[in-house]
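Enquirer: Task: produce atomic coordinates for the following.
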Amino acid sequence: MLRRPVCAIEDLPPGSMKLVQAGKFGVGVYNCGGELYAIEDRCSHDDGPLVEGEFDQATCTVECPRHGSRFDVKTGKALCAPAETNLQVFEVKVEGEDLLLKV
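Expert: Sure, this is the predicted structure:
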């Protein structure tokens, strides 16, 4: 697995998210109450860009801006229709002051 630098940890405070390019696809990195999670940045229903949707830090979910599908950013699980397929998750690691993504 390749470790890709994402940003400095201070640049992703609780409640924020960031889009990172990882090869051919985008990965959304989310800070949910101080815990870091990363999922592929595409709705499994129609490939909509999730980081453009609403991120709910209280429930650690993101909603697709196109049709309202919600996903758990911890697990990538599709939580409601029209999406039925879960998303790939990626490991996020803090090394010193830097945030790294394992892809």
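Enquirer: Any idea how far stretch 47-62 is from the middle of the chain?
Expert: Centroid separation between stretch 47-62 and its chain, computed with Cα atoms, centre = their mean, to the nearest Å, is 8 Å.
Enquirer: Repeat that for stretch 13-23.
Expert: Per Cα atoms, centre = their mean, the centroid offset for stretch 13-23 relative to its chain is 7 Å.
Enquirer: Same check on stretch 29-38?
Expert: Worked out by Cα atoms, centre = their mean, stretch 29-38 lies 8 Å from the chain centre.
Enquirer: middle-most residue in this structure, spatially?
Expert: G28 (3.2 Å; Cα atoms, centre = their mean).
Enquirer: Just to check, that residue is in contact with V62?
Expert: Yes. When contacts are counted by Cβ atoms under 8 Å, G28 is listed as touching V62 (6.9 Å). Any C-beta I mention is one placed from the backbone N, CA and C, and that applies to glycine too.
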